[in-house]
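Asker: Provided below are the primary sequence and the corresponding predicted coordinates.
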Amino acid sequence: MKLLAAPLASMVAALLLAALPLVTSSNYVIGIGLSALIFTVAAAALNLIYGYTGLLSFAQLGFWGIGGYATALTVVTFGGNFWWGLLWAALVNAVLAIVVGYPTLRTNRHAFVIVTLTFALLVTLIARDWVSLTRGPLGIPNLPAPEAFGHRFAGTAQFYWVAWAFSVAMLGFLYALCSSRIGRTLVAIKQNEPLVRAQGIAPVPYKLAAFAISAAITGAAGGVYCFHLGIIDPLFLDFYYMQTFLIIVIIGGAGSFWGVVVAGVVMSALPELLRFSEDLRMVIYGAILVVAMFVMPSGVAGWLRERQLLRMREHVR
Amino acid sequence: MSAILEVSDLRKAYAGVHALDGVSFAVEAGSITGLIGPNGSGKSTAIDCISGFQKLDGGKVVLAGQDITGRVAHHIARTGLMRTFQTVRIYERLSLRDNLAIANQQFDAANWLDELLRTRRYRDAVEAAEKRARQLVELIGLQRYWEIETGILSYGQKKLVALAAALMPHPKVVVLDEPVAGVNPSRIREIEAALGELNRAGETFLIVEHNVEFITNLCHRVIVLDQGRKLAEGTAAAIHTDPRVLEAYLGMTPEMAEAEMRGAA
């Protein structure tokens, strides 16, 4: 019964979230829900590479931006539709992750952080300065609403379903991956790489796959999100997004699938809930983060885990 | 008996210091072979080079008829050589069960697609590994920790976990790097008994260890290294009376050693 609790709870939660546009007609509230879904997907993708594999990747911001631009350009410049755009966003990012990751993952974790950070900065520069492709600082406005089966998902409430279906599919895939022994192998690599090698497992293909999958999903999430905004410009590569994904992973508990999913929804909604005080909003948000880190340095999931470990210790003594 | 592991003329230098200076030896299938020597004699370097964790400058390593010289570590493991480490290496934040399951996963038929889709082949592989893991956990006497994170275990228990993990995929040779260093005496006897039992069941071991009594009790053959060269090789009893070994390693004369042997008996 306990085994089924998490999947059951998540299914109920997913259905409740799907019903959001039915309970409210406020585009503001639906927009927050939509952001929460997409940010959660991007954070879960970061969790795969950072939480599970132990590789802190700032390249997520670059993948997010490239995904957004790839989707927008597919529709606006290359005459494809939104769905093809998402596919391209995923593919381009997966290939880029392999190209960047292959040499970098042969060095060490620190080099990986630096290279991914540089990659994100480079993408920002390209978005701003490669005007003939990205239209520079002006960006690409008026992104059209996507269509499927003759239905046009126009307006926030309609587009919300697209984002919902996308998020459920991506989180479902990530869950299957993380809970399989592939996920367990990633954790093993993070914990003790020499031992993994001594047990006949080559770490680099695992790390590379985790990085590529993480990049593809982040890119597609960026593609969905920029169509929600209806415009993509270099501000889409604002560090705010990276910071949000990272906060979600750290507060939720790096390496915990459900911890990050729950934190994704809560942390995306929190800044909005604090709008009662416009001046102090971000101050309170920051204070909550600091306190949370003091009380639960390994995130909510880490905190729960430590309590469980304490009980285990009592049990075996 | 035939040699399952043969190393010849191993050479390795660090900044001009010869850690290994032409070491050759063989491990017979089904035997327990001890590799001893004073600190810095090249024991650890030798097994690091054999298992692919360090690059050799020269020499040859043959495992079960296959030349594995210069192969990467995970490749050598797949060929059938499993090793433990001097400073114990286990997955401290995974359960005992997961520790053992991971050690075996590269050696079954399930591929990544099976893993993702949870196919029959995957479930069968997991079940078989679980059965093997349960047997080994019983052997090392840690049944009650099955579902528990190995980080909370004592140092000696962790060494046992590392040993069990190395045994999981039925390797051709198990290389143990100081399996009883830092382990309390009663536990040492348990490990000794467990290794003896496994060896009678057909496992082959190469053991690096400082504990002379442990080596003497277990090993069919002992190889002594000193300053990167092989100083002596023979049965434990013969090694014990070899004056060169006594001088280099134990720092005793043959008479002192004899007195100690009598005392121990």
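Answerer: Ah, there it is. Numbers count the residues shown, from 1 in each chain, chains lettered A, B, ... in the order given.
Asker: What residues sit buried inside stretch A:209-217?
Answerer: A:209-217 (16 or more other C-beta atoms under 10 Å in any protein chain shown). To be clear about C-beta, it is placed using only N, CA and C from the backbone, and glycine gets the same treatment.
Asker: And the contacts of it?
Answerer: A:41-42, A:44-46, A:48-49, A:52-53, A:55, A:57, A:59-60, A:63, A:89-91, A:93-98, A:101, A:105, A:170, A:173-174, A:177, A:182, A:186 (C-beta atoms under 8 Å, 6 or more residues apart in numbering or on different chains).
Asker: tell me, which of these make contact with chain B?
Answerer: A:177, A:182 (C-beta under 8 Å from any C-beta of the partner chain).
Asker: Narrow the contacts of stretch A:209-217 to just the buried residues.
Answerer: By 16+ other C-beta under 10 Å, the contacts of stretch A:209-217 give A:41-42, A:44-46, A:48-49, A:52-53, A:55, A:57, A:59-60, A:63, A:89-90, A:93-94, A:96-97, A:101, A:105, A:170, A:174, A:177, A:182, A:186 as buried.
Asker: Chain B contacts on chain A?
Answerer: Within chain A, the positions lying close to chain B (C-beta under 8 Å from any C-beta) are A:176-177, A:180-182, A:184-185, A:187-188, A:191-192, A:194-203, A:309, A:312-313, A:316.
Asker: Quick check: ChimeraX command selecting the buried ones in the residues you listed.
Answerer: To isolate the buried subset of these in ChimeraX, counting by 16+ other C-beta under 10 Å, use the following:
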select /A:177,180,181,182,184,185,187,188,191,192,195,196,197,198,199,200,201,202,203,312
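Asker: Out of the residues of chain A next to chain B, which sit inside helices?
Answerer: The helices, defined by DSSP state H, take in A:176-177, A:181-182, A:184-185, A:187-188, A:191, A:194-198, A:203, A:309, A:312-313, A:316 from these.
Asker: Let me have the buried residues of stretch A:209-217 in TSV, extended by pLDDT, secondary structure and distance to residue B:61.
Answerer: Below are these laid out as TSV (pLDDT from 0 to 100; DSSP: H, G, I helix; E, B strand; the rest coil; distance: C-beta to C-beta, whole Å):
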residue	pLDDT	secondary structure	distance to residue B:61
A:209	96	helix	31
A:210	96	helix	32
A:211	97	helix	33
A:212	97	helix	34
A:213	97	helix	37
A:214	97	helix	38
A:215	97	helix	39
A:216	97	helix	41
A:217	97	helix	43
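Asker: and the closest residue to chain B within the stretch 151-300 of chain A, what is it in contact with?
Answerer: Nearest residue of the stretch 151-300 of chain A to chain B (C-beta to the nearest C-beta) works out as residue A:200 at 3.7 Å. Contact partners of residue A:200, counting by C-beta under 8 Å, 6+ apart, are B:74-75, B:77-78, B:106-107, B:169.
Asker: cool, and residue A:91?
Answerer: With C-beta under 8 Å, 6+ apart, residue A:91 has these contacts: residue A:216.
Asker: so where does it fall, helix or strand?
Answerer: Taking DSSP states H and E as the criterion, residue A:91 maps to helix A:82-104.
Asker: ok, and what's touching the next helix or strand after that helix?
Answerer: Going down the chain from helix A:82-104, the next helix or strand is helix A:109-129, by DSSP H and E. Identification of contacts with helix A:109-129 by C-beta under 8 Å, 6+ apart yields A:54-62, A:65-66, A:69, A:100, A:104-105, A:134, A:136-137, A:233-234, A:236-237, A:242.
Asker: Also stretch B:91-105?
Answerer: In this structure, residues lying in contact with stretch B:91-105 by C-beta under 8 Å, 6+ apart are A:181, A:184-185, A:187-188, A:191-192, A:195-196, A:199, A:201, B:82, B:90, B:125-126, B:129-130, B:132-133, B:136-137, B:142, B:145-151, B:161, B:164-166, B:168-169.
Asker: Buried residues of it, list them for me.
Answerer: So for stretch B:91-105, counting by 16+ other C-beta under 10 Å, buried means B:91-105.
Asker: any idea which of these is the one closest to residue B:186?
Answerer: Of all the buried residues of stretch B:91-105, residue B:186 sits closest to residue B:96, with 20.9 Å by C-beta to C-beta.
Asker: Give me the distance between the closest one and residue A:159.
Answerer: 48 Å (C-beta to C-beta, to the nearest Å).
Asker: And the contacts of helix A:109-129, which of them are buried?
Answerer: Buried subset of these (neighbour count, 16+ other C-beta under 10 Å): A:54-62, A:65-66, A:69, A:100, A:104-105, A:134, A:233-234, A:236-237, A:242.
Asker: what helix or strand is residue 206 on?
Answerer: With no chain named, the answer covers chain A. helix A:203-229.
Asker: Sorry, I should have been clearer: chain B.
Answerer: strand B:205-208.
Asker: thinking again about what came up before, just to be careful, could you list which of the contacts of helix A:109-129 are in helices?
Answerer: If you go by DSSP H, the contacts of helix A:109-129 have A:59-62, A:65-66, A:69, A:100, A:104, A:134, A:242 in helices.
Asker: Which of those scores worst on pLDDT?
Answerer: Minimum pLDDT for the ones in helices among the contacts of helix A:109-129 is recorded at residue A:134 (84).
Asker: Now do it against chain B, distance only.
Answerer: For residue A:134, the distance to chain B equals 36 Å [C-beta to the nearest C-beta, to the nearest Å].
Asker: So the closest residue to that residue other than its chain neighbours versus residue A:68, what's the distance?
Answerer: Counting by C-beta to C-beta, 6 or more residues apart in numbering or on different chains, residue A:127 is the residue found nearest to residue A:134 once chain neighbours are left out, at 5.2 Å. Using C-beta to C-beta, residue A:127 is found at 9 Å from residue A:68.
Asker: Pull up the overlap in contacts between the two.
Answerer: In terms of C-beta under 8 Å, 6+ apart, residue A:127 and residue A:68 are both contacted by the residues residue A:236.
Asker: quick one, which of those two is more surrounded?
Answerer: Neighbours were counted for residue A:127 and for residue A:68 using other C-beta atoms under 10 Å in any protein chain shown; residue A:68 has more, 31 against 25.
Asker: and that one, what pLDDT?
Answerer: For residue A:68, the predicted pLDDT is 95.
Asker: cool, and residue B:259?
Answerer: Per the predicted model, pLDDT is 65 at residue B:259.
Asker: Measure how buried residue 126 is and give me the count.
Answerer: By default, I'm working from chain A. By the measure other C-beta under 10 Å, the count of residues near residue A:126 is 17.
Asker: oops, I was thinking of chain B
Answerer: Neighbours of residue B:126 (other C-beta under 10 Å): 18.
Asker: Also residue A:8?
Answerer: Residue A:8: 11 surrounding residues under other C-beta under 10 Å.
Asker: do the same with residue B:106
Answerer: Neighbour tally, residue B:106, other C-beta under 10 Å: 16.
Asker: mind listing what it touches?
Answerer: A:199-201, B:74, B:77-78, B:169.
Asker: Now intersect these with the strands, please.
Answerer: Per DSSP state E, strands hold no members of those.
Asker: wait, which of those is closest to residue A:146?
Answerer: Among the contacts of residue B:106, and counting by C-beta to C-beta, the member closest to residue A:146 is residue A:201, at 41.0 Å.
Asker: which residues of chain A score low on pLDDT?
Answerer: A:1-4, A:315-317 (pLDDT under 70).
Asker: Where does pLDDT dip in the stretch 151-265 of chain B?
Answerer: Scanning the stretch 151-265 of chain B for pLDDT under 70 picks out the ranges B:249-265.
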